[in-house]
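Colleague: Below is the sequence, then the predicted model.
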Amino acid sequence: MLSRVASNIFWMGRYLERAENTARVINVNSHLLMDLPRTVKLGWEPIIDILSVREDFYENYEEADEHSVVKYMVTDKNNPSSIISSLTMARENARTIREILPTETWEQINSLYLSAMQNRASMLGRRHRYEALGDVIRSNQTITGMLSGTMTQDEGYAFLRIGRNLERGDMTTRIIDVRSATLLPELDTEQSAFENIQWMGVLKSMSAYQMYRREMRLRINRADVLKFLLQEPRFPRSLSHTLKQVKALLQELPHHSSAIEPIDKLQSKLLKAKPQSLKQDSLHEFIDEMQLGLIKIAEEINETYF
């Protein structure tokens, strides 16, 4: 397989996953608006911080209000991580490797892009936003299922899944880092009951709510959510699971030793850690270590194969 083709399919997987994850985060934040009391004002600025684009955002927008943040994260083509930008890049990568993708998958990716472009206005307004962003999520899930069921499980499919899992692990750490710092201002005693709604939002942004309840069978709390999303090896969106998947997929490829080395180091740090007992500053430092580790893995993959 040509390195160019491997790179394109890797990034196609990453961009599709990025679009889906962004849609999830926006939808969950929109829902929090309805769950919290009117006396609590929900902040939208943390959504910008999740993708580390604060500086770029304020170069183009004056205030981090709901309309500005949603527009920037969903339809702004100047933001390379917006849903429209991600789908544009995913479609372009898919177009250049059409010969190795099942025809139906290319058609579905193209259809998702065209549908998102057509529904841009619906994504911005509150009235139809949930449904329009839900279409992005469902279409991505359809593409994942089609690829799983119809694509030859060769090196190309391995690079696709490596890209998807790296992006998924990266977004999981970002969401935890920003959300754990609290979406809401300091709550008084009367409002502190709403803290668990925030953590429910964290779980729902990764479709993890039901699986968390099934595993923990306890009331939602910070410590258990952190342990589940970082260290539960069986949940597909946990950091532990994504690292395990990337390592297994790399082992199917030639010349993988240098790419697997940073994974082993990161897994060792993750398994030894007790994130549920970390205070906020220590948790932030730990998440930084995890993100730097993910960047190192991506760099090694790029150096080795692309």
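Modeller: Good, I have the coordinates. Residues are numbered from 1 along each chain as shown.
Colleague: Test my guess that Arg168 contacts Thr242.
Modeller: Yes - counting by Cβ atoms under 8 Å, Arg168 touches Thr242, with 5.1 Å between them. Every C-beta, even on glycine, is put in place using the N, C-alpha and C of the backbone.
Colleague: overlap in contacts of these two?
Modeller: Applying Cβ atoms under 8 Å, 6 or more residues apart in numbering, one finds that Arg168 and Thr242 are jointly contacted by Pro236.
Colleague: And the lowest-mean-pLDDT helix or strand in the chain, what does it pack against?
Modeller: Every helix and strand of the chain was ranked by mean pLDDT, DSSP states H and E. The lowest is helix 195-204, at a mean of 81. Applying 3 or more Cβ pairs under 8 Å, 6 or more residues apart in numbering; DSSP states H and E, one finds that helix 195-204 makes contact with helix 3-35, helix 155-180, helix 209-216, helix 222-231.
Colleague: outside of whichever helix or strand comes after the last one, which residues touch it?
Modeller: Once helix 222-231 ends, the next helix or strand along the chain (criterion: DSSP states H and E) is helix 239-250. When contacts are taken as Cβ under 8 Å, 6+ apart, the neighbours of helix 239-250 outside the stretch itself are 158, 161-162, 165-166, 168-169, 172-173, 229-236, 256, 259-260, 263-264, 266-267, 270-271, 290, 297, 301.
Colleague: For the buried ones among these, write the corresponding PyMOL selection.
Modeller: What follows is the PyMOL syntax for the buried subset of the contacts of helix 239-250, where burial is set by 16 or more other Cβ atoms under 10 Å:
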select buried, resi 158+161+162+165+166+168+169+172+173+229+230+231+232+235+256+259+260+263+266+267+270+290+297+301
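Colleague: And the least confident helix or strand of the chain, what's buried?
Modeller: Applying 16+ other Cβ under 10 Å to helix 195-204 flags Ile197, Gln198, Trp199, Met200, Gly201, Val202, Leu203, Lys204 as buried.
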